[in-house]
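Participant: Everything below, folded, please.
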Amino acid sequence: MSNEYTECKVPGIVSRSIILGKYALYSKIKDIVNSIDPEFFDLLNCDYLPGLFGYYSIDIIALDDKLHKLDPEYDNINCTYHGNNVSMAEYVKLKYGKIYVEIIDRLTK
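Facilitator: Numbers count the residues shown, from 1 in each chain. Now for the predicted structure:
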């Protein structure tokens, strides 16, 4: 069922890799994922190429780009938020909260 849903969004073999990647990410944070906004989980994706070979790791650069697109006050290139220098982790903590930073930390390990 999950693969059929994903095939509606992306073609062929890629859909299987994407759903397996999402499940791999979910497995790492399943004990705390229910306490976050489901839309934030949608922002989390795996690196494409390693995922095709069964190695599922978060695509942190894509996440950083998505965060910038959602909030133009966050400049992911110059590492600023409202004119102050911040790391992505600091931005996430300010904007979303500490639990979101913990989720990203778990997914990068």
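Participant: distance of the residue nearest the centre of the chain from residue 84?
Facilitator: Nearest to the mean C-alpha position of the chain, by CA atoms, centre = their mean, lies residue 44 at 1.8 Å. With distances taken as CB to CB, to the nearest Å, residue 44 is found 25 Å from residue 84. Every C-beta, even on glycine, is put in place using the N, C-alpha and C of the backbone.
Participant: thinking again about what came up before, for the nearest residue to the residue nearest to the centre of the chain once chain neighbours are set aside, which three-state class applies?
Facilitator: Closest residue to residue 44 apart from its sequence neighbours, by CB to CB, 6 or more residues apart in numbering: residue 25 at 5.4 Å. Three-state call for residue 25 (DSSP: H, G, I helix; E, B strand; the rest coil): helix.
Participant: What distance do you get for residue 25 to residue 60?
Facilitator: 12 Å.
Participant: Comparing these two, which residue is more hemmed in?
Facilitator: Neighbour tally, residue 25 and residue 60, criterion other CB atoms under 10 Å: the higher count belongs to residue 25, 21 against 15.
Participant: Tell me how many other residues crowd residue 38.
Facilitator: When neighbours are counted by other CB under 10 Å, residue 38 comes out with 8.
Participant: go on, residue 84?
Facilitator: 10.
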